[in-house]
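S.K.: Dropping a prediction and its sequence here:
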Amino acid sequence: MSDRMAWFWILAEPAAMVLIMIVIRTVILGRNTHIAGAEYIPWFIVGLFGFYLFRENMMRLLNAITANKALFAYRQVKPIDTVLVRSCLESLIRTVVFIIFIVLGGVIGFGLIPEEPIMAIGYWLLLWVLGLGVGLIGSVVSVLVPEIGRVIKIMSFPLLMVSGVLFPINYLPYELQQYLLFNPIVHGIELLRSAFFDSYKVLPNVSVLYLSLWNLSLLLIGLVLHIKFELKLKAK
């Protein structure tokens with residue numbers, strides 16, 4: 001809220017990423033804008049926003065506790081409250097921006113309306129919970145050990161590269177695909193795309209159960225850490 005350009009960059013960042021990838025794919029690599037089961041531009045936009053939803057929860061929750069320390073003067077306010085509220089706010093902003101892109105895509109003719117809206121909402125929520133789980137853990141660790149918080153911030157770009165956002169994973173060798181499928185973000189993004197594009201074929205081992213187990217595990221670890229270190233988090 002303190003940065004007047006923040007609202008501009010919320011829209012400009014994904015728009016710039018889409019433009020860059022179109023130029024790389026069509027001009028530099030000389031490929032068409034179609035991949036198996038979907039047009040590349042809508043396919044990329046859906047994956048990008050799914051990743052941004054996860055990333056914002058992972059990154060923005062790192063300083064949620066320190067940024068709201070004044071609220072701890074009220075005994076009923078706990079550190080986890082600031083994390084949960086921040087997560088809801090970041091997710092709401094990303095959801096609104098994604099809806100704006102869906103509407104604009106429909107006007108331009110990109111075909112961003114999901115084929116299965118209910119499933120799309122469900123997978124969107126699963127990606128949010130995944131980011132929330134990582135954010136819960138990161139919000140505790142970054143206060144207790146600030147150096148680890150810096151490492152988490154550095155992880156953003158490598159995760160973008162290995163999460164199937166920029167290129168279809170099924171184009172890679174089978175052996176490499178199996179390693180990338182250990183990453184739960186890949187499952188969330190592929191499932192989200194499958195809800196948007198009826199003809200899109202996800203990788204055989206993509207599983208909503210695997211993603212859900214990651215979500216439950218991360219949430220449990222994050223909640224345990226907040227309970228165990230609540231007093232230290234308030235005192236830091």
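M.R.: Looks like it arrived, so ask away.
S.K.: now the closest residue to residue 129 other than its chain neighbours: how far from residue 77?
M.R.: Sequence neighbours aside, residue 215 is the residue nearest to residue 129 in space, at 4.6 Å (criterion: C-beta to C-beta, 6 or more residues apart in numbering). Using the backbone N, CA and C atoms, a C-beta is placed for each residue, glycine as well. Noted for residue 215: a distance of 26 Å to residue 77, by C-beta to C-beta, to the nearest Å.
S.K.: neighbour count winner among these two?
M.R.: Using other C-beta atoms under 10 Å, the more surrounded residue of residue 215 and residue 77 is residue 215, with 22 against 14.
S.K.: what sits against that one?
M.R.: If you count contacts by C-beta atoms under 8 Å, 6 or more residues apart in numbering, residue 215 has them with 126, 129-130, 133, 184.
S.K.: Ok, residue 206 next?
M.R.: By C-beta under 8 Å, 6+ apart, the neighbours of residue 206 are 181, 186-187, 190-191.
S.K.: Mind checking what secondary structure it has?
M.R.: Secondary structure, DSSP: H, G, I helix; E, B strand; the rest coil: residue 206 is coil.
S.K.: lowest-confidence helix or strand of the protein?
M.R.: Within the chain, no helix or strand scores below strand 34-35, which has a mean of 73 by mean pLDDT, DSSP states H and E.
S.K.: how about the strands in the chain?
M.R.: 34-35, 38-39 (DSSP state E).
S.K.: Make CSV out of these and add distance to residue 199 and mean neighbour count.
M.R.: As requested, the strands of the chain are exported to CSV (distance: least, C-beta to C-beta, whole Å; neighbours: other C-beta atoms under 10 Å):
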stretch, distance to residue 199, mean neighbour count
strand 34-35, 11, 14
strand 38-39, 7, 18
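S.K.: Can you add pLDDT and neighbour count and give the contacts of residue 215 back as TSV?
M.R.: Formatted as TSV, these follow (pLDDT from 0 to 100; neighbours: other C-beta atoms under 10 Å):
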residue	pLDDT	neighbour count
126	97	22
129	97	21
130	97	25
133	96	25
184	96	24
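S.K.: Would you mind measuring from the residue nearest in space to the middle of the chain to residue 65?
M.R.: Nearest to the geometric centre of the chain sits residue 54, at 2.0 Å (C-alpha atoms, centre = their mean). For residue 54, the distance to residue 65 (C-beta to C-beta) stands at 20 Å.
S.K.: re earlier: do I have it right that the residue nearest to the centre of the chain meets residue 127?
M.R.: Yes - using C-beta atoms under 8 Å, residue 54 is in contact with residue 127, at 5.4 Å.
S.K.: residues shared between the contacts of the two?
M.R.: Common neighbours of residue 54 and residue 127 (C-beta under 8 Å, 6+ apart) are 185, 188.
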